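>>> What follows is a protein structure lacking sequence information:
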């Protein structure tokens, strides 16, 4: 089950996702373009990442997107 930090939003923009990973927003955007991070979700014009998924992805060793699959309601992920 993902661990949530109190007061952390469930969805993060690129700046917040980058901060969670201790990189710049520019680096995060480059990683996203290169499919090195989990896929974002899009709501309207917003591009967002699930904070719980990012925490699980980090615990899994930050695998590239093509080796990552998140199963939202189970709290588990699968490396493919």
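Good, I have the coordinates. All values reported here derive from a predicted model rather than from experimental measurement.
>>> Quick check: residue 57 touching residue 39?
No: Residue 57 is beyond contact range of residue 39, at 10.6 Å (criterion: C-beta atoms under 8 Å). Every residue, glycine included, has its C-beta placed from N, CA and C.
>>> Give me the more crowded residue out of the two.
Remark: of residue 57 and residue 39, residue 57 carries more neighbours, 20 against 14, as counted by other C-beta atoms under 10 Å.
>>> and that one, what element?
helix 51-59 (DSSP states H and E).
>>> At the geometric centre of this structure, which residue do we find?
residue 54 (3.4 Å; C-alpha atoms, centre = their mean).
>>> Model confidence at that one, what's the number?
At residue 54, the pLDDT value in this model is 96.
>>> ok, now which ones touch it?
Residues near residue 54 by C-beta atoms under 8 Å, 6 or more residues apart in numbering: 12, 17, 20, 21, 37, 38.
>>> Just the ones of these in helices?
Assigned to helices by DSSP state H, the following of those qualify: 17, 20.
>>> In JSON lines: the contacts of residue 54, plus distance to residue 45.
JSON lines is the format used below for these (distance: C-beta to C-beta, whole Å):
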{"residue": "12", "distance to residue 45": "16"}
{"residue": "17", "distance to residue 45": "17"}
{"residue": "20", "distance to residue 45": "22"}
{"residue": "21", "distance to residue 45": "23"}
{"residue": "37", "distance to residue 45": "19"}
{"residue": "38", "distance to residue 45": "20"}
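>>> from the contacts of residue 54, which is closest to residue 44?
Nearest to residue 44 among those is residue 12, at 16.0 Å by C-beta to C-beta.
>>> so the closest one makes contact with residue 28?
No: between residue 12 and residue 28 there is no contact under C-beta under 8 Å: 10.0 Å.
>>> more neighbours, the two?
residue 28 (23 against 20).
>>> Skip the chain neighbours and tell me the closest residue to that one.
residue 18 (3.6 Å; C-beta to C-beta, 6 or more residues apart in numbering).
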